[in-house]
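S.K.: okay, predicted coordinates and the sequence, questions at the end:
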Amino acid sequence: MDALKTPGKTWVELYKLNLRIKSLTMRSRASIKSHPLHPILIAFPIAFFTGTLIFDILSIIFVDVVFWVTAYYMQLAGIIGGVIAAIPGIIDYIYTVPPQSSGKKRAAKHGLINSTALI
């Protein structure tokens with residue numbers, strides 16, 4: 001049983017300390033089963049905007065309206081996906097990122113740049 005003890009601390013004390021540390025860490029408020037939504041949702045606008053670029057290039061190369069229409073709808077889906085991905089990002093910005101931290105400043109810059117890109 002002595003092998004399970006660490007110097008000066010019992011397992012119960014370490015468990016309680018671990019719980020206190022977990023309560024101090026940043027946890028996303030916009031999450032499903034502890035998986036944050038913002039990082040999950042940003043993959044969709046990235047994919048749609050990449051597809052928009054590819055289909056715009058194809059429409060120029062092959063001079064075909066079908067590629068242009070596909071690019072249009074992919075761009076529309078990217079804008080909608082970007083707005084949807086921004087919602088959990090805003091929730092995390094307000095409720096999760098500590099005030100007066102460098103993370104708050106980076107998150108504000110990230111949000112402003114991406115909002116500008118959507119406009």
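M.R.: Cool, got the structure.
S.K.: in the chain, which helix is the longest?
M.R.: Counting residues, the longest helix in the chain under DSSP state H turns out to be helix 65-95.
S.K.: what are the buried residues along that helix?
M.R.: Applying a neighbour-count criterion of 16 or more other Cβ atoms under 10 Å, one finds 67, 70-71, 74-75, 77-79, 81-82, 85-86, 88-89, 91-93 buried in helix 65-95. For every residue, glycine as well, the C-beta is placed using N, CA and C.
S.K.: again, but for stretch 102-109
M.R.: Buried, per 16+ other Cβ under 10 Å, within stretch 102-109: A107.
S.K.: who's in contact with that stretch?
M.R.: M26, G89, D92, Y93, V97, P98 (Cβ atoms under 8 Å, 6 or more residues apart in numbering).
S.K.: run the last query once more with 7 Å
M.R.: Y93, V97, P98 (Cβ atoms under 7 Å, 6 or more residues apart in numbering).
S.K.: before we move on, what about stretch 59-66?
M.R.: F67, W68, A71.
S.K.: same check on stretch 39-53?
M.R.: Taking Cβ under 7 Å, 6+ apart as the rule, stretch 39-53 contacts A71, M74, Q75, A77, G78, G81, G82, I84, A85, P88.
S.K.: how about the contacts of stretch 59-66 in JSON lines, adding pLDDT?
M.R.: Shown next, in JSON lines, are the contacts of stretch 59-66 (pLDDT from 0 to 100):
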{"residue": "F67", "pLDDT": "97"}
{"residue": "W68", "pLDDT": "96"}
{"residue": "A71", "pLDDT": "97"}
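S.K.: in a markdown table: these, plus distance to H110.
M.R.: Output for these, formatted as a markdown table (distance: Cβ to Cβ, whole Å):
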| residue | distance to H110 |
| --- | --- |
| F67 | 32 |
| W68 | 31 |
| A71 | 26 |
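S.K.: show me the helices in this structure, by range?
M.R.: 11-24, 37-41, 43-62, 65-95, 102-118.
S.K.: how far off centre is stretch 38-45?
M.R.: 6 Å (Cα atoms, centre = their mean, to the nearest Å).
S.K.: show the end-to-end separation of that stretch, please.
M.R.: End-to-end distance of stretch 38-45 (Cα to Cα, to the nearest Å): 12 Å.
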